[in-house]
Structure formats: C-alpha cells, structure tokens
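Novice: A structural model of the following input is requested.
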Amino acid sequence: MDLFDNDEQLHIKGISIDWDKISSRSYLRGIQSISGMNHLEFHKPITFFVGENGSGKSTLLEAIAVAYGFNPEGGTKNYSFSTYDSHSELYEAMRLSRGIHKPGWGYFLRAESFYNVASAEEEYSREWGAPPSMRYHARSHGESFLAMAQSNFKSNGVYLLDEPEAALSPQRQLTLLLEIVNCARAESQFIIVTHSPILLGIPDAEIMSFDDGIIHPVSYEETDSYQVTEMFINNREQILRRLLGTD
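Specialist: Predicted structure coming up:
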C-alpha cells in the first residue's frame, strides 16, 4: 500500500557523522549500531527506529534533533529551557543533509521529559503575544500527549518523536497513527523511536533496526514488537505457564 507520493520532498534527507570529532574515550564508541555508522539516508516521510533498549535509537534521534536546532529536552525550536544537560556530543559531529523545501514548523517529543516541556509551555504562554497555554498539566498524561500532537502536527513540518506511545492506550495510539499519516501526507516528515506494534503498522513507512550491531532496514513482520506481540497473543496461556513456572 503506497500512502505517500512526496518522497522527494523530505526535509532531512540523511545524516553523516565525523568520528574524528568525537573523543576516543566517548561512550558513543561503545554503542555498536552507532559507532559503525558514518552515513544514514532517509527515503520515506515516516521512518521508525526500532531495537532493544540500549541499542542507540534515542541517542541518535536526540543528536538529530539537537543538530536540527531543537531543544535537547523537547518542544519546538522556540523552547530554550534546560533542567538537566544529558545529551551527548554526537550532534557536534553530525551533519544533516537537508531538502530544498524549508519546513514551516516542527516538534521534538521526548516521553521522558514531557513534564518539563509542559511546564515550559505554561511559562512561555505568559509572555506578551504568546498563544494561550494548552494546560497539559491539567490533563492526564495520555491526554496531554495526544493534545500535543493534535495542536502541533501540521503540514510541511519536521517531527522527531521518542516513544510517543508511552502514555497512550491502544485506542489512542490508533488516533495518533492517523494524525501522523495525515500530516505526512501533507509534506511533513517524521522520525520516530517506538516499540509500538500499532504505530509500526503504518503502511509504506521505513523501519530501521538498531539490533545486531548495525542499523539496517527491516519489514514490519521482522520487528521484535510484532513478533513478540503475535507470539504472546497466539500462545498466551502456554507462555505464562512457562514464565510463572506453573507447567
């Protein structure tokens, strides 16, 4: 199923890393999937990063975001707050290959620091001329996530999302899926770190696995998220008996 016909209009076409700019003692050199990469290209309006915890997905996404001009903790390019400096130096060695069309908007979502972004949003809303606050703290975590997407996802934008499913029910993940697809159809680009078998099911998306020590393309059915979910649903009682030692 081909959902997108704007593959030539990507805002971020690829990245390259100059490892001479990274310390020989940097922990980045110990992340196999990243340390073995000099160049990575994007081919679709929606790209997923998948892999086991600690495989380097979020580290690379964060570096892309910071190199693009986003605040390391998330938000739009207008956000400049900092509660804890934890981002790596990878962005300093990264060069982005940009498309010819300049995006009109963008957002970097990090599930782990969304509380801080919500607090900053309220503070910025008090400034003269700023739009009114979305009052994320007055909503549940899941409602805030979805409200952020619905208020910030626009046409001709760049969106970098780190585990956006973290606070969402399966039904809300389907709603987010629709928001992402509709926005990508309108000349926006998404790069998403996720473990969600629901989001990964978007047809015609590009999926890159960070497992096995190298970043490589995989199909939806080859992802652990799909395989483990399918195995559990089809063999739930047998798997639980084995795990819980009740055989």
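Novice: Next secondary structure after the lowest-mean-pLDDT helix or strand in the chain?
Specialist: The helix or strand with the lowest mean pLDDT-type score in the chain, counting by mean pLDDT, DSSP states H and E, is helix 114-125 (a mean of 54). With elements assigned by DSSP states H and E, the helix or strand that comes after helix 114-125 is helix 141-152.
Novice: Remind me what that following helix packs against, helices and strands.
Specialist: Using 3 or more C-beta pairs under 8 Å, 6 or more residues apart in numbering; DSSP states H and E, the elements in contact with helix 141-152 are strand 105-110, helix 114-125, helix 170-185. Just so you know, the C-beta spots here come from the backbone N, C-alpha and C atoms, and that holds for glycine as well.
Novice: CA atoms only: put it into CSV for me.
Specialist: What follows is helix 141-152 as a C-alpha-only set of coordinates in CSV (Å, rounded to 0.1, in the frame of the first residue of the first chain):
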residue,chain,number,x,y,z
HIS,A,141,-0.5,12.1,30.7
GLY,A,142,-2.1,10.3,27.7
GLU,A,143,-4.5,13.2,27.0
SER,A,144,-1.6,15.7,27.1
PHE,A,145,0.5,13.6,24.7
LEU,A,146,-2.4,13.4,22.2
ALA,A,147,-3.3,17.1,22.7
MET,A,148,0.3,18.0,21.9
ALA,A,149,0.2,16.0,18.7
GLN,A,150,-3.1,17.4,17.6
SER,A,151,-2.1,21.0,18.3
ASN,A,152,1.5,20.8,16.8
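Novice: mind listing what the helix or strand just after it pairs with, with the direction of each?
Specialist: Downstream of helix 141-152, the first helix or strand assigned by DSSP H and E is strand 157-162. Here strand 157-162 is paired, per DSSP bridges, with strand 105-110 (parallel), strand 189-193 (parallel).
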